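>>> need a 3D model of the sequence below.
(one chain, ligands or ions: 1)
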Amino acid sequence: MLIKPPQDAPQDGQGAVEDVEAVDRPDNPLADWLTVPDAPILPAWARNWASVRANTGAFIKVGWWHGRYHGIRSPKYAVKVVGYSARGAFRGGRRLWPVLTAQDHTAGIKALRVQVKAKPDDVVLAAQAVVAHRERTEARRWRWGAALGLAAAAAVALNYASLGLQIAAGCIACGGLAAIGWSDEAHILDHGTPPLRIAMDAQQLNDALRATGLLKQGKGDEEGPKVNCVMGPLRDGNGWAVIFDLPKGGGKKAADVLAKRTEIAAELGVDEIQVIMSRVRASAGGNAGRVSMWVADDDPYLAPPNPSPLEQLDTFSIWDPIPFGQDARGNRVTLPIIWQSMFFGGLPRRGKTFSQRLLTAAGLLDAYVRHYVADFKGGQDWIQMRQVAHRLVLGAEEDAIGAFKAMLKELLAEMERRFSILRGLPTSICPEGKLTPEIVKRYNMPFILFTVDELQEAFLAVDDQERDEIINDMARIARRGPAAGFISNYASQRPDAKSVPTKLREIITIRYSTQVVDQTSSDMVLGKGKAAQGADASVLSEEHKGVGVLVTGPASFVTVKADMLETAAFNSMCAKGRLLREACGQLTGDAANDPSALAEASGITVSPVLSDCLSVMRHSVKMHTADLLARLENLDEDYGDWDAERLAKELEDTGVKRTTKQVNINGKNLAGYRREDLEAAMPTELLNAR
Ligand SMILES: Nc1ncnc2c1ncn2[C@@H]1O[C@H](COP(=O)(O)OP(=O)(O)OP(=O)(O)O)[C@@H](O)[C@H]1O
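Next up is the predicted model:
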């Protein structure tokens, strides 16, 4: 199922209510973006062939499970039946004896005999006694005859009837006797509850909700109120789906159920990652007490990653929602990013950068997206953006921080310039005070995708005052920029108050968190109180690479397995993006002049060490050798065992002629290199091209 884009036009955010976080504002157009609706018209199992098959399969599985369960216990059941039959035989015998021995007339006959003895001459009395005695004897004879006849018939049948008949007769006899021996507390079959991956029924759900306090306990032996299952539980994909209404009068709402995900999972005997719940809103026929729940057979997020469809595309329009990943049930999750701002957080090595890069990758395929990128780690993740990025900052050293601050000022100036142009445009061209596809091309205002990765590194490198200035500038761009085409895409590794400034997060409309250690950290990235509502990235584990919780509104969140876009594929998309921009005159800024990018684009071979040195020196005109070596190692750990001599020799071999071996930086005169000397060693064709 494709989650459709919202119809409403997005907001500038300028007049927004400041004390409510951006995702929680009533005018947030993505508020219900990820609320997965489910309005059944046909019974869910009959909606498609796959569902019919899955449910038939599940029915057979349940039958098989019960068959095995009770089959294994059949000797135990047989012993029980024999026990009940014996009790039945004893009870039956006890009741039959008086009948057979005809106790009924004996008392009367005895009384008659006493009277006959007292009046021996009374002929009538004597005749009555004789008749009564004869009747009793006759009755006894018949009863005993019938009983012995039955026994004889049974003995004959046992001898001569076929085995099948004997077994059937034996079973009937046993059944009859067992019925006589039955009592209220007697039972033969054990009560087996199949594991959830075999079957799920409403009883299990009710028990789980009752145990977690979401349903009231009944009085005495009564079970208490139950949920009303409007659909299911039914087989749906690799799990069980159910939509239920909470009973009225219980004082609980769907949001309470979502908040108790871990407890419910524990009661159902599965991991909380397997329990996927969402509210069913009024637009999908739901109400405040309706919950859509899907319980997966296994952890759905441990499946192999799905390759990003972007990799196969030649172009993409940034106006369209970007393919981002899949939810647990395999529904595609796409992200509309225009007019929005994004924040990615989470522990290291969980796929934050890879996920963040998906949005950049989409932007690469639209020539009318201008990239401003800062990667404060300065590793391999973003380096190929040098082919496309209008500005690219790599590293968190002093020169890089300086370049980043200049980038912020440039962005703010561009934002003001754009707003003043937009204000001057007639409403026929600019009806809503923001970019339109026509304005983008006619006034050369491409969307600006402002990407910042490893933000925490920058905050560690600056003092508090500088940090506040950076936060203010970034917050201003994210808050005011969307209407002028600025899309902010920030990521930070350490989800603590210092690395994820609340002031910044508050104005971000799309938040994504990979695994974090606890709910406090999760809230730090996703927003205050989100974990309590069910959007909790701390339920993810270390194995969940590329999996994160995506929040776009108060009730709009989903755990997503992001598409996989390897660095190599991303790098080749950078090359594709460069060609696209060259073709329509949109290759601007740093990318237009970057020597390594130029060399790559023109197919000119440049020594890797020369190219890498130029990359790490991109913000400095000169650098001490020790710093250069440290930055090279940060870029690629293979440089770890290089020393000054080896570096000098390798650079000399590529044709670098040092005009000076000592460079003075901030009063320190030490061995080092000038960027000019390195650039001069680039192949002549490249120098001419520049
Ligand atoms: N969508 C995905 N599916 C499966 N694996 C992924 C996915 N995205 C990333 N990974 C794996 O996770 C590893 C770490 O990814 P990434 O570098 O994005 O993490 P990170 O959270 O940004 O880490 P750091 O903060 O240290 O840079 C990658 O090398 C990749 O193998």
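>>> which bits of the stretch 301-450 of the chain sit near the ligand?
Contacts of the stretch 301-450 of the chain with the ligand, taken as Cβ under 6 Å from any ligand atom, map to 305, 346, 348-354. Bear in mind the C-beta positions are built from the backbone N, C-alpha and C, glycine included.
>>> ugh, typo on my part, it should be the stretch 551-690 of the chain
Residues of the stretch 551-690 of the chain lying close to the ligand (Cβ under 6 Å from any ligand atom) are 562, 564.
>>> quick one, strands of the stretch 551-690 of the chain?
For the stretch 551-690 of the chain, the strands defined by DSSP state E, counting those that start in this stretch occupy 556-562, 622-624, 662-665, 668-674.
>>> pull the CA atoms of the first one into PDB?
In PDB, the C-alpha atoms belonging to strand 556-562 read as follows (Å, rounded to 0.1, in the frame of the first residue of the first chain):
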ATOM      1  CA  SER A 556       1.500   9.800  12.900                       C
ATOM      2  CA  PHE A 557       4.500   7.500  13.400                       C
ATOM      3  CA  VAL A 558       5.700   4.200  12.000                       C
ATOM      4  CA  THR A 559       8.800   2.000  12.400                       C
ATOM      5  CA  VAL A 560      10.500   1.900   9.000                       C
ATOM      6  CA  LYS A 561      13.100  -0.300   7.400                       C
ATOM      7  CA  ALA A 562      14.800   2.200   5.300                       C
END
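>>> I would like the residues contacting it, please.
The contact list for strand 556-562 (Cβ atoms under 8 Å, 6 or more residues apart in numbering) reads 23, 30-36, 273, 276, 278, 300-301, 303, 305-306, 324-328, 333, 351, 354-355, 358, 512, 526, 530, 533-535, 540, 546-551.
>>> hmm, try it at 7 Å
With contact meaning Cβ atoms under 7 Å, 6 or more residues apart in numbering, strand 556-562 is reached by 30-35, 301, 324-328, 333, 351, 354-355, 358, 535, 546-551.
>>> list the neighbouring strands of that strand plus their orientation.
strand 322-326 (antiparallel), strand 547-553 (antiparallel) (DSSP bridges).
>>> among the ones you listed, which is nearest residue 397?
Closest to residue 397 of the strands paired with strand 556-562, according to Cβ to Cβ: strand 547-553, at 29.6 Å.
>>> want to throw the strands of the stretch 551-690 of the chain into TSV with distance to residue 636 and mean neighbour count?
Below are the strands of the stretch 551-690 of the chain laid out as TSV (distance: least, Cβ to Cβ, whole Å; neighbours: other Cβ atoms under 10 Å):
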stretch	distance to residue 636	mean neighbour count
strand 556-562	25	25
strand 622-624	17	20
strand 662-665	23	15
strand 668-674	18	16
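>>> got phi/psi on residue 451?
Backbone torsions for residue 451, taken as degrees, to the nearest 10, come to phi -110, psi 130.
>>> what about it, how many neighbours?
When neighbours are counted by other Cβ atoms under 10 Å, residue 451 registers 25.
>>> equivalent analysis for residue 460, please.
Neighbours of residue 460 under the rule other Cβ under 10 Å: 14.
>>> skipping adjacent residues, who's closest to it in space?
residue 396 (7.2 Å; Cβ to Cβ, 6 or more residues apart in numbering).
>>> how close does the spatially most central residue of the chain sit to residue 549?
Central residue of the chain (Cα atoms, centre = their mean): residue 559, 2.8 Å from the mean position. As judged by Cβ to Cβ, to the nearest Å, residue 559 and residue 549 stand 5 Å apart.
>>> could you chop the chain up by domain?
What automatic domain parsing lists as the domains of the chain is 32-44+193-297, 74-181, 309-575, 594-689.
>>> for the ones you listed, which one sits closest to residue 55?
Here domain 32-44+193-297 is closest among those (Cβ to Cβ), at 4.5 Å.
>>> which non-adjacent residue is nearest residue 178?
In this structure, residue 178 finds its nearest non-sequential neighbour in residue 84, 3.9 Å apart by Cβ to Cβ, 6+ apart.
>>> neighbours of that neighbour, just the number please.
Using other Cβ under 10 Å, residue 84 has 21 neighbouring residues.
>>> and it, how far from the ligand?
Going from residue 84 to the ligand by Cβ to the nearest ligand atom, to the nearest Å gives 59 Å.
>>> same check on residue 24?
Relative to the ligand, and taking Cβ to the nearest ligand atom, residue 24 is found at 26 Å.
>>> got it, and residue 360?
Distance from residue 360 to the ligand, by Cβ to the nearest ligand atom: 12 Å.
>>> rewinding a little: quick check: which element contains the residue nearest to residue 178?
Under the criterion of DSSP states H and E, residue 84 resides in helix 74-100.
>>> where does pLDDT dip in the protein?
Within the chain, the ranges that satisfy pLDDT under 70 run 1-19, 32-45, 98-106, 180-185, 494-495, 555, 687-690.
>>> in it, what residue is nearest the ligand?
residue 546 (2.1 Å; Cβ to the nearest ligand atom).
>>> OK, contacts around the nearest residue to that residue once chain neighbours are set aside?
In space, and not counting its chain neighbours, residue 546 is closest to residue 351: 3.7 Å by Cβ to Cβ, 6+ apart. By Cβ under 7 Å, 6+ apart, the residues touching residue 351 are 514, 545-546, 562.
>>> apply 8 Å and report the result again.
514, 545-548, 562.
>>> just residue 629 next, same as before
Residues counted as contacts of residue 629 (Cβ under 8 Å, 6+ apart) are 639, 642-644, 647.
>>> swap the cut-off to 7 Å and go again
639, 642, 644, 647.
>>> distance of residue 136 relative to residue 95?
From residue 136 to residue 95 the distance is 20 Å (Cβ to Cβ).
>>> who has more neighbours, those two?
A count of neighbours by other Cβ under 10 Å puts residue 136 above the other of residue 136 and residue 95, at 17 against 10.
>>> so that one touches residue 109, yeah?
Yes - if you go by Cβ atoms under 7 Å, residue 136 and residue 109 touch, sitting 6.2 Å apart.
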